[in-house]
Every structure is written in C-alpha cells, then in structure tokens.
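Novice: this one's sequence-less:
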C-alpha cells in the first residue's frame, strides 16, 4: 500500500512510503530504492512501532521525520492505536504532540507524551 508520493520536504527526491504487511514494516523509498523501514507488530487493535532504520547517507536529509509523519498519518486514517516503542517515533511525537492522541490515553504516561491541547494549556499557564 503506497501512502504518499510528494517530494520529501525540502529535497528534490521522489519519495514513497509503503506498508509491507508481509514483513510487518513500513518501507521508505527514494527514487525507487528502499532506503529504510519502520518495523512493527500488530497486537489486539494496536500497532507497536518497534524500530526505524534509515540508510546513513540519508540521515541528514531529515527523511526520518518525513517517514514517521507519513506512517502516523496512515495509522490515523486506519484508526489504529499506536504504541511508540521506537526512539525515532517517540522523538517525532515529542515535537508533534498533536499525534499523541493516537496513543491510548491509559498508555501515554508510559511514553511521557501528552496530546497537543494539554501541552498548550501547560505552556500557557507557565507564561
């Protein structure tokens, strides 16, 4: 299943993100080459995001951010609960708290994440 075909953020690379269900991983393609993946497991209506790998030569291009954003958007459309065990995904969520609602409310403290609305309220009180 292809998720999106736009150019990755500020690059001129042709990108695609696919869900390879047979291998239980999302795959990132650049100009037709598989350059990374995000391994997952599906458990009782939840998807456990386990580990992200991006080829070293693409690390500075911020494709990991593009990749994780696309994966989360796909999971949101499919209405799957997310368990972000992967450090790359947790780092992305820390910078994009609007996606924290994908994590079951009872599990958010486990990953130290709060939804965007709560994050904004906390910030405004501190001002």
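Specialist: Here it is on my side, so go on. As the structure is a computational prediction, the values presented were derived from the model and not from experiment. Numbers count the residues shown, from 1 in each chain.
Novice: going forward, measure contacts and count neighbours with C-alpha atoms only.
Specialist: Will do.
Novice: For this structure, give me the ranges with low pLDDT.
Specialist: Applying pLDDT under 70 to the chain flags residues 1-11, 114-127.
Novice: residue nearest the centroid of it?
Specialist: Central residue of the chain (Cα atoms, centre = their mean): residue 68, 2.8 Å from the mean position.
Novice: With adjacent residues omitted, what lies nearest to residue 39?
Specialist: In this structure, residue 39 finds its nearest non-sequential neighbour in residue 25, 4.3 Å apart by Cα to Cα, 6 or more residues apart in numbering.
Novice: what sits against the one you found?
Specialist: Neighbour list for residue 25: 19, 37, 38, 39, 40 [criterion: Cα atoms under 8 Å, 6 or more residues apart in numbering].
Novice: and if we set it to 6 Å?
Specialist: Residue 25 makes contacts with 38, 39, 40, as judged by Cα atoms under 6 Å, 6 or more residues apart in numbering.
Novice: Can you name every helix or strand that the lengthiest strand in the chain contacts?
Specialist: Longest strand of the chain, by residue count under DSSP state E: strand 33-43. Judged by 3 or more Cα pairs under 6 Å, 6 or more residues apart in numbering; DSSP states H and E, the packing partners of strand 33-43 are strand 25-30, strand 46-54.
Novice: Run the angle between the longest helix along the chain and strand 33-43 for me.
Specialist: Across the chain, the longest stretch assigned as helix under DSSP state H is helix 63-77. Between helix 63-77 and strand 33-43, the angle comes out at 40 degrees (axes from the mean of the first three to the mean of the last three Cα atoms, to 10 degrees).
Novice: Past helix 63-77, which element shows up next along the chain?
Specialist: strand 81-84 (DSSP states H and E).
Novice: Give me the sheet partners of that following strand and which way each runs.
Specialist: strand 46-54 (parallel) (DSSP bridges).
Novice: For the strand it pairs with, buried residues please.
Specialist: Applying a neighbour-count criterion of 16 or more other Cα atoms under 10 Å, the buried positions in strand 46-54 are 46, 47, 48, 49, 50, 51, 52, 54.
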